[in-house]
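Colleague: here are the coordinates; sequence isn't available:
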């Protein structure tokens, strides 16, 4: 069992057929929205001094074990880290651009380490957590009772995908092609995007098999006659290098169907914004730069990630140079970019509004608590982003 993700415990199994979220003419605006770099970003040597403005230890909750997708965080870990193998936690000086910032960084793993709690839930259970990885649809789901505010998105595009065997289905190019056949779609029960695919007519409900648990057993046993959800940064590589399968797969991204959520955006509890603002003004640009630094110099950070996974020694997760290199290749090609502008990590108001329009009917169908009059600005801020930091521009 290699991929047991928290999406499987978000139970949003409501039909969207009557919800009317079918894409059409509601193409999201690329506009980043208000408060995009509303204050001048910190400059000079002091921009790396976090001692007087941040907690002595910045605690970040991830949603899974260490992996290359989360490298911006692990890239900031300094020397001589303290590793808690029992709880899958690493703590070290926060080092940016080779300089000690005066505070420590603690990166906590999710999944089994937190009893498979969603990150937003864990953030409210443990107030020592300053930042957590929260997907946009999760933020919408909990906006009424456990609101979070995204402050930076290290990845622009989500690697959520559906894959297939091109020998069995040579006619497939996009996810909509799957919906024109009777091929089963195996996925993590509760993945919200699947309800969108059904409600918009891309996939038929009769095709769904919500029993994917991260194992390759069923796909291989069926000889590739089913399709399967997963992550473009891992499963295609793992299957191709699995001696029981051993050949390439093809895939299409969920993002390309019109479900453009931000994956694992670093978020705070909404009520903490004023208190954390002085810290975030310096920290967010550091995270932006760390992602770019990692892309340009990945070796040491990937080695650290592999070492941590080895020390945590879980039956659910393994990692090596091969999968780390493949994930980086995919991230550089498709998932880490500046979006519609020249800034890495900021948010587009139109994308978030589209997710609100999609997810709200799902929640209504579940009779879940919905925040009244939810607006994109309730879910994100670009206030702390340095607009001058991007993959296509200098990060200095």
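Modeller: Cool, the structure landed. Remember, it's a predicted structure, so these values are computed and weren't measured experimentally. Numbers count the residues shown, from 1 in each chain.

Colleague: not counting its neighbours along the chain, what's nearest residue 224?
Modeller: Distance criterion C-beta to C-beta, 6 or more residues apart in numbering; nearest residue to residue 224, sequence neighbours excluded, is residue 165 at 3.0 Å. C-beta here means a position set from N, CA and C on the backbone, and glycine is covered the same way.

Colleague: ok, residue 174 next?
Modeller: Closest residue in space to residue 174, ignoring its immediate chain neighbours: residue 252 at 5.0 Å, by C-beta to C-beta, 6+ apart.

Colleague: same deal with residue 344?
Modeller: Distances taken as C-beta to C-beta, 6+ apart put residue 390 closest to residue 344, at 4.8 Å, once the chain neighbours are dropped.

Colleague: show me the strands in this structure, by range?
Modeller: Secondary structure of the chain (DSSP state E): strands at 57-61, 82-84, 89-96, 99-108, 131-134, 148-152, 160-164, 185-186, 208-209, 227-231, 250-253, 265-269.

Colleague: what residue ranges in the chain are flagged as low confidence?
Modeller: Flagging of the chain using pLDDT under 70 yields the residue ranges 1-39, 393-396.

Colleague: buried ones in stretch 89-102, by neighbour count?
Modeller: 89, 90, 91, 92, 93, 94, 95, 96, 100, 101 (16 or more other C-beta atoms under 10 Å).

Colleague: so how far is that stretch off the chain centroid?
Modeller: When C-alpha coordinates are averaged (C-alpha atoms, centre = their mean, to the nearest Å), stretch 89-102 and its chain have centres 23 Å apart.

Colleague: and residue 208, what does it touch?
Modeller: For residue 208, the contact set (C-beta atoms under 8 Å, 6 or more residues apart in numbering) comprises 184, 185, 187, 194, 198.

Colleague: export these to a markdown table and tack on distance to residue 56 and neighbour count?
Modeller: Formatted as a markdown table, the contacts of residue 208 follow (distance: C-beta to C-beta, whole Å; neighbours: other C-beta atoms under 10 Å):
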| residue | distance to residue 56 | neighbour count |
| --- | --- | --- |
| 184 | 51 | 17 |
| 185 | 47 | 24 |
| 187 | 42 | 24 |
| 194 | 42 | 27 |
| 198 | 48 | 21 |
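
Colleague: just the closest of the residues you listed to residue 261, please.
Modeller: residue 194 (13.1 Å; C-beta to C-beta).

Colleague: chain neighbours aside, what residue packs nearest to that closest one?
Modeller: In space, residue 194 is closest to residue 187, 5.5 Å off (C-beta to C-beta, 6+ apart).
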